[in-house]
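Asks: structure for the following, please:
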Amino acid sequence: MNLKQLEAFVKVAEGGSFSKAAKDLFLTQPTISAHISSLEKELNARLFVRNTKEVSLSDDGTELYKYAKQMIDLQKKIEESFGTEKGEKKHGITIAASTIPAQHLLPKALMSFNARYPDEQIKIVETDSSKVVQQIIDHMADVGFTGTVLEKKHCKYIPFYKDELVIITPNTERYQKLQKMNPEDISWMKEEHVIMREEGSGTRKEAENQLKDAGIKMTDLDIIASIENQETIKKSVRQGMGISVLSKLATKDEVAAGFLLAFPIPESDDGRDINLVYNKNYQLSRSAERFVKIVKEVYGLESHELKKEQDEKAV
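Replies: Residues are numbered from 1 along each chain as shown. Below is the predicted model:
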């Protein structure tokens with residue numbers, strides 16, 4: 001096997017398409033197919049599961065991807081280290097992010113990153129927190145953003161933003177009265193239809209933890225739906241289908257406009273951490289290191305870490 005074959009394999013795996021891989025590598029589709037066919041014959045393994053609509057990795061393909069990705073990344077690092085400034089190719093970074101950081105926090109960091117490094121290319125994959133972490137573990141993404149901590153063996157988590165979860169309801173007279181009552185008492189949730197985020201969502205996991213601390217177990221609730229899209233959840237709540245627990249960031253516009261009411265969760269302290277995460281078993285590429293530095297700068301972590309170091313030296 002050779003690096004060209006592995007590069008073609010990685011491109012097909014990441015894009016889910018032979019034609020897209022051919023376009024990205026400036027090759028013909030038959031050439032890409034030939035590279036994959038040669039790999040499969042040499043390894044005596046089926047690397048992809050193909051149907052008329054998509055191409056996905058087989059179990060053997062998933063295993064090969066972990067090693068092939070490392071080899072291609074090493075090749076890129078060598079090119080970065082020895083490439084000339086004038087002839088250097090554009091580099092890229094793949095970022096996997098859960099819904100809240102992808103929609104509300106990443107744009108600010110991306111703007112700063114693009115302004116400082118306009119030649120860097122960025123790919124954003126938006127998914128739930130559990131899949132973000134899995135992509136980091138499998139080295140399919142360079143950097144991830146999650147609303148919860150799910151796995152620590154392979155992952156390094158850097159908290160960079162505090163996000164508050166709130167209980168959202170329709171803005172009706174009934175809920176307006178509840179809002180004026182004891183804010184520490186949310187036992188009324190047990191009498192409501194509840195809409196939750198999908199399994200694997202960081203918001204759902206943290207909502208379960210915070211409600212439990214406030215004396216509300218999931219088994220106490222009448223959960224009538226689990227929905228992935230938070231916009232669908234907000235619209236369903238507005239129409240009276242039920243109540244939900246979402247990020248304050250995601251609901252602030254609807255609350256400000258008077259479409260929804262937001263109730264704090266008692267005992268939730270100052271909220272949950274939104275984390276930047278990467279695989280500590282792999283060296284970050286120069287592009288990824290630059291991006292992590294930008295996130296720290298944008299959200300004030302650089303000065304916080306410097307102060308922490310100074311405090312530790314003073315002790």
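
Asks: mind listing what I93 touches?
Replies: Going by Cβ atoms under 8 Å, 6 or more residues apart in numbering, I93 touches 120-123, 142-143, 285, 287-288, 291. (Glycine included, C-beta is placed from N, CA and C.)

Asks: any of those buried? List them.
Replies: Buried members of the contacts of I93, scored by 16 or more other Cβ atoms under 10 Å, are 120, 122, 142-143, 285, 287-288, 291.

Asks: and those residues as TSV, adding distance to S247 and secondary structure?
Replies: As requested, these are exported to TSV (distance: Cβ to Cβ, whole Å; DSSP: H, G, I helix; E, B strand; the rest coil):
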residue	distance to S247	secondary structure
E120	28	coil
I122	23	strand
D142	25	coil
V143	20	strand
S285	30	coil
S287	29	helix
A288	26	helix
F291	23	helix
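
Asks: which of the residues you listed lies closest to R204?
Replies: V143 (22.8 Å; Cβ to Cβ).

Asks: if we can go back for a sec, which one of the buried ones among the contacts of I93 is nearest T94?
Replies: Of these, the one sitting nearest to T94 (Cβ to Cβ) turns out to be D142, at 5.3 Å.

Asks: ramachandran coordinates for that closest one?
Replies: Main-chain torsions, D142, degrees, to the nearest 10: phi -80, psi -40.

Asks: is it in contact with V277, as I believe?
Replies: No. Counting by Cβ atoms under 8 Å, D142 stays clear of V277, with 10.6 Å between them.

Asks: and the buried ones among the contacts of I93 as a markdown table, adding pLDDT and distance to T172?
Replies: Formatted as a markdown table, the buried ones among the contacts of I93 follow (pLDDT from 0 to 100; distance: Cβ to Cβ, whole Å):
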| residue | pLDDT | distance to T172 |
| --- | --- | --- |
| E120 | 88 | 48 |
| I122 | 91 | 43 |
| D142 | 92 | 46 |
| V143 | 96 | 42 |
| S285 | 85 | 52 |
| S287 | 89 | 50 |
| A288 | 91 | 47 |
| F291 | 94 | 44 |
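
Asks: now the helices for the protein?
Replies: Shown for the chain, the helices assigned by DSSP state H span residues 3-15, 18-25, 29-43, 59-82, 99-100, 106-116, 129-137, 173-180, 202-213, 230-238, 248-256, 286-298, 301-314.

Asks: pipe these into JSON lines and attach distance to K152 per row.
Replies: As requested, the helices of the chain are exported to JSON lines (distance: least, Cβ to Cβ, whole Å):
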{"stretch": "helix 3-15", "distance to K152": "26"}
{"stretch": "helix 18-25", "distance to K152": "34"}
{"stretch": "helix 29-43", "distance to K152": "33"}
{"stretch": "helix 59-82", "distance to K152": "19"}
{"stretch": "helix 99-100", "distance to K152": "21"}
{"stretch": "helix 106-116", "distance to K152": "23"}
{"stretch": "helix 129-137", "distance to K152": "10"}
{"stretch": "helix 173-180", "distance to K152": "38"}
{"stretch": "helix 202-213", "distance to K152": "15"}
{"stretch": "helix 230-238", "distance to K152": "27"}
{"stretch": "helix 248-256", "distance to K152": "25"}
{"stretch": "helix 286-298", "distance to K152": "18"}
{"stretch": "helix 301-314", "distance to K152": "20"}
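
Asks: closest to E192 out of the ones you listed?
Replies: Once the helices of the chain are compared by Cβ to Cβ, helix 173-180 is nearest, at 9.7 Å.

Asks: next, count neighbours for G242.
Replies: 20 (other Cβ atoms under 10 Å).

Asks: cool, and L246?
Replies: Look at L246: counted by other Cβ under 10 Å, it has 26 neighbours.

Asks: and if you look at Q176?
Replies: Counted with other Cβ under 10 Å, residues neighbouring Q176 total 12.

Asks: and K234, by the same measure?
Replies: K234: 21 neighbours (other Cβ under 10 Å).
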